[in-house]
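>>> Next come a sequence and a model predicted from it.
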Amino acid sequence: MNQKWWQSKHIWALGLFGGLLNIIQPIIGVLSWPFYQPTAHVLAVLVAKDQPKHLIFNSINIVVTISLLIFSWALVQYYMNQHEKIIQQKLKQFMFAFVLIQFIRWELPVLKLVDVSQTTGLYFGYLFVMLIIMLGMGYLYWKIGQALQVVGQTSFANMWQLSGALMVVFEIVIVLTQFIGWPLAGLFDQLVNFLLVYPLMFNSWHFVKATN
């Protein structure tokens, strides 16, 4: 029997590749740009309009987005093969939402360095917009988890739901830390960045191991 394109181990591995590349961006930021303070600065500072190395991170996130979209579409094909229409639908919604988030966070040059360093009104507005979007994303993760729970994929379901819940909590904490004046927004933004891709990485690892 011929193997379909989405059954390839290399396709399944794109979830791990894209997720890891997404997670290590703070490390790349520290190495390439001394101004960046990973515990204090949200990741958006890496693509600020006047950040001299912003094109590096724009490019990285194009690779991240494409890798994770291909992997997500492979998941859609897998569940289509299993005749799980609800999971297919939720994953397609995830793909749309993920592209929107990636575009706003990494490709749309909203902020300047002064907005981050002096916490201007524009910066607070950006944080509130991201909070609203992440509330919706967290809810979607929860619904994906529920759909997976129905078909008995408990471990997958738990990863999606836990990631969605914590993502919302940490996004709220980011806004609160800025109001209080604690220099910890970057730390919690990195946690949100990790949780955004962790369920995909978990799914990817499972399918890579299961594929001959």
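Looks like it arrived, so ask away.
>>> Where does the prediction get shaky in this protein?
1, 109, 114-115, 117-119, 212 (pLDDT under 70).
>>> any idea how far Gln7 is from the residue sitting nearest the centre point of it?
Nearest to the geometric centre of the chain sits Leu196, at 3.3 Å (CA atoms, centre = their mean). Computed as CB to CB, to the nearest Å, the Leu196 to Gln7 distance reads 26 Å. Glycine gets a C-beta too; all of them are placed from N, C-alpha and C.
>>> buried ones in the lengthiest helix in the chain?
Secondary structure of the chain per DSSP state H: the longest helix is helix 121-150. Across helix 121-150, burial judged by 16 or more other CB atoms under 10 Å covers 123, 126-127, 130, 133-134, 137-138, 140-145, 147-148.
>>> and if you look at stretch 63-76?
Result for stretch 63-76 [16+ other CB under 10 Å]: buried residues Val64, Thr65, Ser67, Leu68, Leu69, Phe71, Ser72, Trp73, Ala74, Leu75, Val76.
>>> quick one: stretch 125-138 to chain centroid distance?
Distance of stretch 125-138 from the chain centroid (CA atoms, centre = their mean, to the nearest Å) equals 13 Å.
>>> Any chance you could list what contacts it?
42, 44, 97, 100-101, 104-105, 110-111, 115, 164-165, 167-168, 171-172, 174-175, 178, 192, 196 (CB atoms under 8 Å, 6 or more residues apart in numbering).
>>> sorry, back to before: quick check: next helix or strand after the longest helix of the chain?
Once helix 121-150 ends, the next helix or strand along the chain (criterion: DSSP states H and E) is helix 154-180.
>>> what's that following helix packed up against?
If you count contacts as 3 or more CB pairs under 8 Å, 6 or more residues apart in numbering; DSSP states H and E, helix 154-180 packs onto helix 121-150, helix 185-210.
>>> Next, the buried residues of it.
156-157, 159-168, 170-171, 173-175, 177-178.
>>> That one: how far from the chain's middle?
That offset, for helix 154-180, works out to 12 Å (CA atoms, centre = their mean).
>>> could you give the angle of that helix to helix 121-150?
160 degrees (axes from the mean of the first three to the mean of the last three CA atoms, to 10 degrees).
>>> For Val47, what are phi and psi?
phi -120, psi 20 (degrees, to the nearest 10).
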